[in-house]
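Enquirer: model the structure of this input:
(chains A and B, ligands or ions: 2)
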Amino acid sequence: MKNKKLKIAIYWFGSCGGCEVALVELNEKILELAEIADIVLWPVALDFKYEDLEKFKAQEIDISLINGCIANFENEQIAKMLREKSKVLIAYGSCACFGGIPGLVNLATKEEVYKIAYSETPSTINPKFTTPQQSYKADAHELELPEFYGYSRALHQVVEVDYFVPGCAPPIESTEKLLEIAKEFAAKGALPPKGTVIGSEKSVCDECEREKAEKKSISKIYRIYEKEADPKKCLLDQGIICMGPATRGGCKARCLNANQPCIGCMGALPEALDQGAKMLSALASIIGIEEEKALSEEDLKKIIDKVADPAGSFYKFSLPVGIISRKHTEKK
Amino acid sequence: MASVDKFEPKILAFLCNWCAYAGADLAGVSRMQYPPNIRAIRVMCSARVDPVFVLEALKRGADGVFIGACHPGDCHYQTGNYKTVRRVILMRKLLEQLGVDGKRLRLEFISASEGKKFASAVEDFVKELRELGPFKK
Ligand code: SF4
Ligand code: SF4
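Expert: Ligands and ions are numbered 1, 2, ... in the order given. Here you go, the predicted model:
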């Protein structure tokens, strides 16, 4: 291992491209990366064909850095190939770690997704309801498209993952830490324990400097645009849903510093089984405590109905790794 | 006795130690008849029922989850059951978004002396779940 340059692959699946930008955020430190590693595969920046990946021997790539969730057959196939060809496989960003925002597709069935995407969006005119087919004959050619599954998965739900770097996109501190890990690996062949998550072991609240009420109680829930939030006080105390209590820290609570609530991108707390259920519990526990004895179930329903989209709010980044990870279809 | 092909819903019940569990116990010692579809877990307070338990129960094969709590005002820990009410309201909303009928989660207030209420609540829930059908598939 010593003094040999690492071979690094950077790949993307169902993602927005933000994680690629987060890597570039290394700025001049990217030169340190160039010193110890060659980037052998990076479709966003370098031309790429399937053969380029096929030609690598098993474990020939030292580190594969993967962003994006697994949404279709192609994603899955390439994830499996990269796993086979790599010594270390890293899920970089919330989509790869938990499914991320594209994981919210799991709130709909495949049919519903097609209906919305290829018919109902205001910018779509598609009277024949043409939807992507897996294969299509054009003249003499048979064209093929990878199958879209209609639901998304996190990377570790498809292949074994060695390390997780959550964040949407991962905070620069995490990327820098990753660089340190790569340097250690290049110099000594040493690696952190498998399964390491680059982030804090505590919640976002722990990193948040806002003033917190001794006893939490909220009598009304506000959407973020409905209230001018006091920049010094805990947003949850002000009735604005903030995912901080249910979310792993490591981001330095940067959203809170920008007077925005945490939306949960770092995923569940280390010991929590389900980020959404944890947040639901935290929020329901503090709604209307002050007058709890006087409120009827109807009153409570009215207050709670202000949580317009519990699934979308509490599982914005982690639905595919939730206990119930995709829409269930009740037989009626 | 149920016939073989009749769907028998599986119900996981969380019963609080001070009221609902005692109520269920009373139904038992009074030899009240109620359907055997329920598997009871005694918890110290209904507020101990983490929403995670509900999701996990459904995932692992329960067709319905029953939470038995003290009547409002009677909670042994003062206000645990109020918390449960709020969680259940929000939980049902979440379940519906996940494509699960909110009726699969049922909350009942049962005091230690209401063995009869316990028996009829179970009976009613079983009936409702039969109409909904099995959770899986
Ligand atoms: S709930 Fe949000 S605003 Fe309040 S302390 Fe936690 S992270 Fe900060
Ligand atoms: S505050 Fe929340 S949403 Fe913002 S970066 Fe941190 S974990 Fe992500």
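
Enquirer: thought residue A:14 was touching residue A:75?
Expert: Yes. Counting by Cβ atoms under 8 Å, residue A:75 is a contact partner of residue A:14 at 6.4 Å. For the C-beta atoms, the positions are set from N, CA and C on the backbone; glycine is no exception.

Enquirer: who has more neighbours out of the two?
Expert: Between residue A:14 and residue A:75, counted using other Cβ atoms under 10 Å in any protein chain shown, the more crowded position is residue A:75 (25 against 22).

Enquirer: what's the spacing between that one and ligand 2?
Expert: 24 Å (Cβ to the nearest ligand atom, to the nearest Å).

Enquirer: what about the closest residue to residue A:246 other than its chain neighbours, how many residues nearby?
Expert: The shortest distance from residue A:246 to any non-neighbouring residue, by Cβ to Cβ, 6 or more residues apart in numbering or on different chains, is to residue A:279 (3.8 Å). Using other Cβ under 10 Å, residue A:279 has 27 neighbouring residues.

Enquirer: starting at the chain centroid, how far to the strand or helix carrying residue A:279?
Expert: Assigned by DSSP states H and E, residue A:279 falls within helix A:275-286. With Cα atoms, centre = their mean, to the nearest Å as the basis, helix A:275-286 stands 20 Å off its chain's centre.

Enquirer: packing partners for it?
Expert: helix A:310-314, helix B:51-59, helix B:80-97 (3 or more Cβ pairs under 8 Å, 6 or more residues apart in numbering or on different chains; DSSP states H and E).

Enquirer: show me the helices in the stretch 51-200 of chain A, by range?
Expert: Counting by DSSP state H, counting those that start in this stretch, the stretch 51-200 of chain A has these helices, from start to end: A:73-85, A:94-98, A:110-115, A:172-188.

Enquirer: right, so the ones you listed: which one is the most enclosed?
Expert: Of the helices of the stretch 51-200 of chain A, the one with the most neighbours on average (mean count of other Cβ atoms under 10 Å in any protein chain shown) is helix A:94-98, at a mean of 33.

Enquirer: other SSEs contacting that helix?
Expert: Packed next to helix A:94-98, using 3+ Cβ pairs under 8 Å, 6+ apart, are strand A:61-67.

Enquirer: hey, what's the angle from the strand it packs on to helix A:73-85? Just curious.
Expert: 150 degrees (axes from the mean of the first three to the mean of the last three Cα atoms, to 10 degrees).

Enquirer: what does strand A:61-67 contact?
Expert: A:6-13, A:15, A:19-20, A:23, A:37, A:40-41, A:79, A:82-83, A:85-93, A:95-96, A:155, A:178, A:182, A:185 (Cβ atoms under 8 Å, 6 or more residues apart in numbering or on different chains).

Enquirer: can you do 6 Å?
Expert: A:6-12, A:15, A:19, A:82, A:85-90, A:92-93, A:96, A:155 (Cβ atoms under 6 Å, 6 or more residues apart in numbering or on different chains).

Enquirer: one more: stretch A:159-176?
Expert: With contacts defined as Cβ under 6 Å, 6+ apart, stretch A:159-176 is touched by A:18-19, A:22, A:25-26, A:79-80, A:83, A:88-94, A:97, A:155, A:194, A:196-199, A:251, A:265-267.

Enquirer: isn't there a helix covering residue B:24?
Expert: Yes. Under DSSP: H, G, I helix; E, B strand; the rest coil, residue B:24 sits within a helix.

Enquirer: now the strands: where do they sit in the chain?
Expert: Here I'm looking at chain A. Taking DSSP state E as the criterion, chain A carries its strands at A:6-12, A:37-41, A:61-67, A:70-72, A:86-92, A:135-138, A:141-144, A:148-153, A:163-165.

Enquirer: chain B was what I was after
Expert: With DSSP E as the criterion, chain B has strands spanning B:11-16, B:38-43, B:64-69, B:105-109.

Enquirer: highest mean neighbour count out of these?
Expert: strand B:64-69 (a mean of 27).

Enquirer: tell me which strands it pairs with, and in which orientation.
Expert: In the sheet, strand B:64-69 lines up against strand B:11-16 (parallel), strand B:105-109 (parallel) (DSSP bridges).

Enquirer: contacts only, for the residue in chain A that ligand 1 sits nearest to.
Expert: Closest contact between chain A and ligand 1, by Cβ to the nearest ligand atom, is at residue A:244 (2.4 Å). When contacts are counted by Cβ under 6 Å, 6+ apart, residue A:244 touches A:204-205, A:208, A:262.

Enquirer: tell me how many other residues crowd residue A:302.
Expert: Neighbour tally, residue A:302, other Cβ under 10 Å: 12.

Enquirer: relative to residue A:169, how far out is the spatially most central residue of chain A?
Expert: For chain A, the residue nearest the mean C-alpha position is residue A:94 (2.1 Å; Cα atoms, centre = their mean). Distance, residue A:94 to residue A:169, by Cβ to Cβ, to the nearest Å: 8 Å.

Enquirer: any idea of the pLDDT on the closest residue to ligand 1 within chain B?
Expert: The minimum distance from chain B to ligand 1, using Cβ to the nearest ligand atom, falls at residue B:90 (16.9 Å). pLDDT recorded at residue B:90 is 96.

Enquirer: list the contacts of it.
Expert: When contacts are counted by Cβ under 6 Å, 6+ apart, residue B:90 touches A:280, A:284, A:304.

Enquirer: do residue A:240 as well
Expert: Contacts of residue A:240 (Cβ under 6 Å, 6+ apart): A:222, A:224, A:229, A:261.

Enquirer: got a list of what the nearest residue to residue B:135 once chain neighbours are set aside touches?
Expert: Nearest residue to residue B:135 in three dimensions, chain neighbours excluded: residue B:63, at 4.6 Å (Cβ to Cβ, 6+ apart). By Cβ under 6 Å, 6+ apart, the residues touching residue B:63 are B:9-10, B:129, B:134-135.

Enquirer: one more time with 7 Å
Expert: Listed by Cβ atoms under 7 Å, 6 or more residues apart in numbering or on different chains, the contact set of residue B:63 reads B:9-11, B:104, B:129, B:134-135.

Enquirer: save those as TSV, and put in distance to residue A:291 and pLDDT too.
Expert: Compiled in TSV, the contacts of residue B:63 are given as follows (distance: Cβ to Cβ, whole Å; pLDDT from 0 to 100):
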residue	distance to residue A:291	pLDDT
B:9	37	97
B:10	38	97
B:11	33	98
B:104	30	98
B:129	34	97
B:134	40	94
B:135	36	92
